[in-house]
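Novice: Take this sequence and fold it.
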Amino acid sequence: MMSNKEINGKIVVILTTDVVGYSKHMEKDEDATLASLHDCNKIIEPLKKKQKGRIFNTGGDSVFAEFPSAVAAVNTAVEFQKQIKDRNDKDTT
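Specialist: Model prediction:
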């Protein structure tokens with residue numbers, strides 16, 4: 001049975017990121033891996049801000065962020081992946 005009390009809440013979309021092979025990369029070259037992770041954080045920070053997102057937790061190589069809509073989360077993820085790809089393409093040329 002539901003109460004007549006008003007329920008206050010908000011809808012958010014959670015975006016998570018994780019570095020593939022992080023432990024393996026750390027074993028191979030810790031300094032380069034940490035530098036790369038730092039570069040990734042510098043990329044995602046303005047993207048999440050532009051989409052009104054908020055990072056609410058991190059765990060080593062992962063980021064957990066909330067966004068006010070699925071569109072905002074997807075836009076952030078797509079642009080993040082594009083910038084990572086562009087960065088990696090420049091590093092290999």
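Novice: Now Asn41: closest residue in space that isn't a chain neighbour?
Specialist: The shortest distance from Asn41 to any residue other than its chain neighbours is 7.7 Å, reached at Val63 (CB to CB, 6 or more residues apart in numbering). For glycine as for every other residue, the C-beta is placed from the backbone atoms N, C-alpha and C.
Novice: what lines up beside the strand or helix carrying that neighbour in the sheet?
Specialist: Val63 belongs to strand 62-67 when assigned by DSSP states H and E. Using DSSP bridges, strand 62-67 pairs in its sheet with strand 13-18 (antiparallel), strand 54-58 (antiparallel).
Novice: can you pull the alpha-carbon coordinates of the last one into CSV?
Specialist: The C-alpha trace of strand 54-58 is given here as CSV (Å, rounded to 0.1, in the frame of the first residue of the first chain):
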residue,chain,number,x,y,z
ARG,A,54,29.5,14.8,-11.8
ILE,A,55,32.1,12.2,-10.9
PHE,A,56,31.0,10.7,-7.7
ASN,A,57,33.6,7.9,-7.3
THR,A,58,36.9,6.6,-8.7
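Novice: quick one: that strand to chain centroid distance?
Specialist: 9 Å (CA atoms, centre = their mean, to the nearest Å).
Novice: which outside residues touch it?
Specialist: Contacts with strand 54-58, where a contact means CB atoms under 8 Å, 6 or more residues apart in numbering, come from 44, 48, 63-67.
Novice: Please identify the buried residues of stretch 67-82?
Specialist: 67, 72-73, 75-77, 79-80 (16 or more other CB atoms under 10 Å).
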